[in-house]
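S.K.: Need coordinates for the below:
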Amino acid sequence: MDVLRTAVIGCGMISGNHLKALRQIHDVECAAVCDLEEEKAERAAREYGIPKTYRDYRELLQCPDIDVVHLCTPHYLHPQMAMDALKAGKHVLCEKPMALTMEDAERMTEIWKESGKQLGICFQNRYNKTSRYMKELLEKGSIGRVLGARGQVTWDRKPAYYENSPWRGRWATEGGGVLINQAIHTFDLLQWLTVPVKTVEASVSTRRLKGVIEVEDTAEIFMTGEGGERLLFYASNAYVKNAPVELEIIGEKGRIKLTGNQVTAEVGGTVWSMDDSSGTVLGKDYWGSGHGILIDDFYRCIRTDEPFTVGPEEAIAVTALTEAVYRSAKTGEPVEISRQKGK
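M.R.: Next comes the predicted model:
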């Protein structure tokens, strides 16, 4: 089997997860890294034994022996870089979010369809063992029809986090704040595990980081499904620590609850539980254990030509929801969702 040669574009914090995972995949070679800041690229190359560095991703894309690129760049760069890479004949694994607007997400999807290549989006928490366990219980009908759900992410981001990376905290480059950056994985799990969202009503505010960021550090969201299901979501970077993520799903016959790395399910007095605290984590504990599993599965799909499970037609649902949240927060009115997951 031929070796797949890959390159990582963007050598910031999250790139380490990708570079560590690539070391573990058979018949994959990381051949290059790229960053506008030459020092970052050279540091990554030294640490991971990568032979080639670039400053301009367009020059990298001209290399015929690069098969796959990983995009670990600031949010606003994802759509154009992904489309350029697909047009250059590369498979693309893109960090979240897919795009900041539905217009860009739709353009990415069209280019992907024309390319014949794989395009994956890193919603790695879907690959956590806890998430898979919850999905299995729900698909078996263990708690009956879903009636509602709630998610909560209460973390801490200090001013230095934004000051050290000026693209963060700005509408034009980050596309939002706590929702689109920190809480987006739990927000994705909420919609992935439950029901298609029909309406979104939201408010966002900056409570703690006034004068530091122009985007929100706190978001409160109310959503409804086609069957009247009620979904609540709360996220804030104004807490004193990175508390365990919470996600609870209520059904006609019982409930399933995720707290950090633990899941409990209760149906008719019977309780099941599972604990993934010992799962392999490539970065920070609250990022979950799914990054390496997702990356391995992406390469499996390249080899087998199977559709990747978190491709653009699946990930675009999250872009539709985040865009609706910010529109509702701006207008003060509910927003109807026309683009549903998997469609």
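S.K.: Most distant residue from the centre of the protein?
M.R.: Of all residues in the chain, G269 has its C-alpha farthest from the mean position, at 34.8 Å, by CA atoms, centre = their mean.
S.K.: Any idea which helix or strand in the protein has the lowest mean pLDDT?
M.R.: strand 270-275 (a mean of 92; mean pLDDT, DSSP states H and E).
S.K.: Pull the residues that contact it.
M.R.: When contacts are defined by CB atoms under 8 Å, 6 or more residues apart in numbering, strand 270-275 is touched by residues K129, T130, Y133, L137, N261, Q262, V263, T264, A265. Bear in mind the C-beta positions are built from the backbone N, C-alpha and C, glycine included.
S.K.: same question, stretch 107-121
M.R.: Against stretch 107-121 from outside (CB under 8 Å, 6+ apart): 79, 82-83, 86-87, 89-99, 294, 298, 301-302, 308, 310-316.
S.K.: Break this structure down into its domains, please.
M.R.: 4-122, 127-286+309-336 (automatic domain parsing).
S.K.: Quick check: the farthest pair among the contacts of strand 270-275?
M.R.: L137 and N261 (16.4 Å; CB to CB).
S.K.: residue contacts, the most centrally placed residue in the chain?
M.R.: The centroid of the chain falls nearest to F123 when counting by CA atoms, centre = their mean (3.4 Å). Contacts for F123 (CB under 8 Å, 6+ apart) come out as K96, H185, D188, W192, L294, V310, A315, V318.
S.K.: go with 10 Å
M.R.: For F123, the contacting residues are 95-98, 131, 184-185, 187-189, 192, 290, 294, 309-310, 314-315, 318, by CB atoms under 10 Å, 6 or more residues apart in numbering.
S.K.: what's the nearest residue to A31 if we skip its chain neighbours?
M.R.: R5 (4.5 Å; CB to CB, 6 or more residues apart in numbering).
S.K.: I'd assumed that neighbour was in a helix, is it?
M.R.: No. With DSSP: H, G, I helix; E, B strand; the rest coil as the criterion, R5 is strand rather than part of a helix.
S.K.: Near T218, how many residues? Count them for me, please.
M.R.: 21 (other CB atoms under 10 Å).
S.K.: Can you check the pLDDT for it?
M.R.: On pLDDT, T218 comes in at 98.
S.K.: how about the strands of the stretch 101-250 of the chain, start to end?
M.R.: 119-122, 146-154, 197-205, 218-225, 230-236, 246-251 (DSSP state E, counting those that start in this stretch).
S.K.: would CSV of those with distance to T173 be doable?
M.R.: Shown next, in CSV, are the strands of the stretch 101-250 of the chain (distance: least, CB to CB, whole Å):
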stretch, distance to T173
strand 119-122, 18
strand 146-154, 21
strand 197-205, 17
strand 218-225, 18
strand 230-236, 20
strand 246-251, 29
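S.K.: Out of these, flag the one nearest R170.
M.R.: Closest among the strands of the stretch 101-250 of the chain, using CB to CB: strand 197-205, at 14.7 Å.
S.K.: May I have the closest one as CSV, with CA atoms only?
M.R.: C-alpha atoms of strand 197-205 as CSV (Å, rounded to 0.1, in the frame of the first residue of the first chain):
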residue,chain,number,x,y,z
VAL,A,197,-33.6,22.0,14.9
LYS,A,198,-36.5,24.0,13.6
THR,A,199,-36.1,27.4,15.4
VAL,A,200,-33.4,29.2,17.2
GLU,A,201,-33.7,32.0,19.7
ALA,A,202,-30.6,33.3,21.4
SER,A,203,-28.8,36.1,23.3
VAL,A,204,-25.1,36.6,23.5
SER,A,205,-23.2,39.0,25.7
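S.K.: Now do it and strand 230-236, the angle between them.
M.R.: Inter-element angle recorded for strand 197-205 and strand 230-236: 30 degrees (by axes from the mean of the first three to the mean of the last three CA atoms, to 10 degrees).
S.K.: Give me the helices and strands touching strand 197-205, please.
M.R.: When contacts are defined as 3 or more CB pairs under 10 Å, 6 or more residues apart in numbering; DSSP states H and E, strand 197-205 sits against strand 218-225, strand 230-236, helix 312-331, strand 335-336.
S.K.: Please identify which of these is closest to V33.
M.R.: Of those, nearest to V33 by CB to CB is helix 312-331, at 24.3 Å.
S.K.: can you give me how far that closest one is from the chain middle?
M.R.: Chain-centre distance of helix 312-331: 13 Å, with CA atoms, centre = their mean, to the nearest Å.
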